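K.L.:
missing the sequence, but the structure's below:
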């Protein structure tokens, strides 16, 4: 089974991609595609309440891992209610990495070292106990280790990965890690273009210019392994499928945090596309993933055929999915009911793009042993899809949602004035 599989129940024949362009909203809030207005500050709290590595805001301003309301957004409001507090162009990607050799915040690939087999700093074959910084790699199929030679203690900081071929079964990064493999302030993008090329009012990347998948870190088809890896502060766009994660332990968990994943490749509007266009999860039927934390990522996806959070048709344990912005795709969230110990809290569903079906796939993971659903909410993006529906075109455009619903609790059945187990959200 490979990444080009399409779940039969989600094959679609038409698409609704109506959503507004980027930039500042009428109230000064920025859209989810990272356009910023003049009020956006560059000073704030770090992961533990201190200064962030790049001098920018921590994004939610709260204590790391808590998802609290301690911090403030660019206009002084709580960061749990301000869409500008999530990762965007100002705090992700190689140009925002500490020590970037170019002008901070200005992407310039000429400031990076092209990878080559003879390079001492940016080789094409990697070793344990090494750090590779400010390199420019060409994919798909950048192998970090191999099935027969796993790596440990290897680090990528401020690197650019450029991919081609949306039909490839190789992800941009093929990971074979037994522990402590970190990826920080990366940019992953198509090689052919420097910005998403689907014109407004839609979002995304045309199929011809997209690349296959972000990373295989537990994908059975290639025996990839991602024990103890982390991906943080990265700007990732133009992919057809996402980050494929597998089994881990409490001693070697995965952390996917503070990334901006956006403008994925269009599949529904390309007749030849058979991609299973997911965000983060497991695409192998009967697969499993465990000890995965997905925290504080900005994932404003376009209308497409599958899921932002995609733990499908398998068995999963210890999934912690907190404080993320989610939108669009087919069913926005799919986590199988065979899962246990799933924490789904503090997440924000928005109208950045109309999901084709519903926001939840319908598999009841929230009542399984050890699982919790709490404090999730809906926020209206003034630049997003309008009209917007709880059930998209695949469900007859049912249940209209408007700006008046902003701030309501997002519960498994939809929107509510109270949280799933009662109280406020």
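P.N.:
Yes, it's here. On a predicted model such as this, the values are computed, not experimentally measured, just so you know. Numbering: from 1, shown residues only.
K.L.:
Give me the phi and psi angles of residue 394.
P.N.:
Dihedral pair for residue 394: phi -70, psi -10, per degrees, to the nearest 10.
K.L.:
now swap in residue 109 and tell me
P.N.:
The phi and psi values for residue 109, taken as degrees, to the nearest 10, are phi -60, psi -20.
K.L.:
Show the low-confidence segments of the stretch 51-200 of the chain, by residue range.
P.N.:
Residue ranges of the stretch 51-200 of the chain with pLDDT under 70: 51-78.
K.L.:
Residue ranges in the stretch 201-350 of the chain under the pLDDT threshold?
P.N.:
Applying pLDDT under 70 to the stretch 201-350 of the chain flags the ranges 219-222, 285.
K.L.:
go again using 90 as the cut-off
P.N.:
For the stretch 201-350 of the chain, residues meeting the criterion pLDDT under 90 lie at 201-203, 218-223, 241, 267-278, 282-287, 301-307, 312-314.
K.L.:
how about the helices in it?
P.N.:
In the stretch 201-350 of the chain, no helices are defined using DSSP state H, counting those that start in this stretch.
K.L.:
packing partners for the one helix or strand residue 390 maps to?
P.N.:
Secondary structure assignment for residue 390, by DSSP states H and E: strand 388-391. Identification of packing neighbours for strand 388-391 by 3 or more CB pairs under 8 Å, 6 or more residues apart in numbering; DSSP states H and E yields strand 398-401. Placement of C-beta: from N, CA and C, glycine included.
K.L.:
what about the strand it packs on, average pLDDT?
P.N.:
For strand 398-401, mean pLDDT rounds to 97.
K.L.:
From residue 374, how far out is residue 423?
P.N.:
Separation of residue 423 from residue 374 (CB to CB, to the nearest Å) stands at 9 Å.
K.L.:
Between those two, which is the more surrounded one?
P.N.:
With neighbours defined as other CB atoms under 10 Å, residue 423 and residue 374 compare such that residue 374 has more, 17 against 10.
K.L.:
Go ahead and confirm the more buried one touches residue 342.
P.N.:
No: between residue 374 and residue 342 there is no contact under CB atoms under 8 Å: 11.7 Å.
K.L.:
could you list every residue that touches the residue nearest to residue 217 when sequence neighbours are not counted?
P.N.:
Excluding the flanking residues, the one nearest residue 217 by CB to CB, 6 or more residues apart in numbering is residue 226, at 2.7 Å. By CB atoms under 8 Å, 6 or more residues apart in numbering, residue 226 lies in contact with 175, 177, 181, 215, 217, 218, 245, 246, 248, 254.
K.L.:
elements contacting the host helix or strand of the second one?
P.N.:
Taking DSSP H and E as the definition, one finds residue 177 inside strand 173-184. Based on contacts counted as 3+ CB pairs under 8 Å, 6+ apart, the elements that strand 173-184 packs against are strand 142-144, strand 151-157, strand 211-217, strand 225-226, strand 229-232.
K.L.:
and among the ones you listed, the most buried is which?
P.N.:
Greatest average neighbour count among these goes to strand 211-217 (a mean of 30), per mean count of other CB atoms under 10 Å.
K.L.:
partner strands of it, parallel or antiparallel?
P.N.:
With DSSP bridges as the test, strand 211-217 is paired with strand 173-184 (parallel), strand 239-245 (parallel).
K.L.:
The longest one versus strand 151-157: what angle between them?
P.N.:
When you say that, I think you mean strand 173-184. With axes from the mean of the first three to the mean of the last three CA atoms, to 10 degrees applied, the angle from strand 173-184 to strand 151-157 works out at 60 degrees.
K.L.:
Let me know the next secondary structure element after strand 173-184.
P.N.:
By DSSP H and E, the next helix or strand past strand 173-184 is strand 187-190.
K.L.:
Name the surrounding residues that touch that following strand.
P.N.:
With CB under 8 Å, 6+ apart, strand 187-190 has contacts from 92-95, 107, 159-164, 172-173, 205, 209-211, 214, 234-239.
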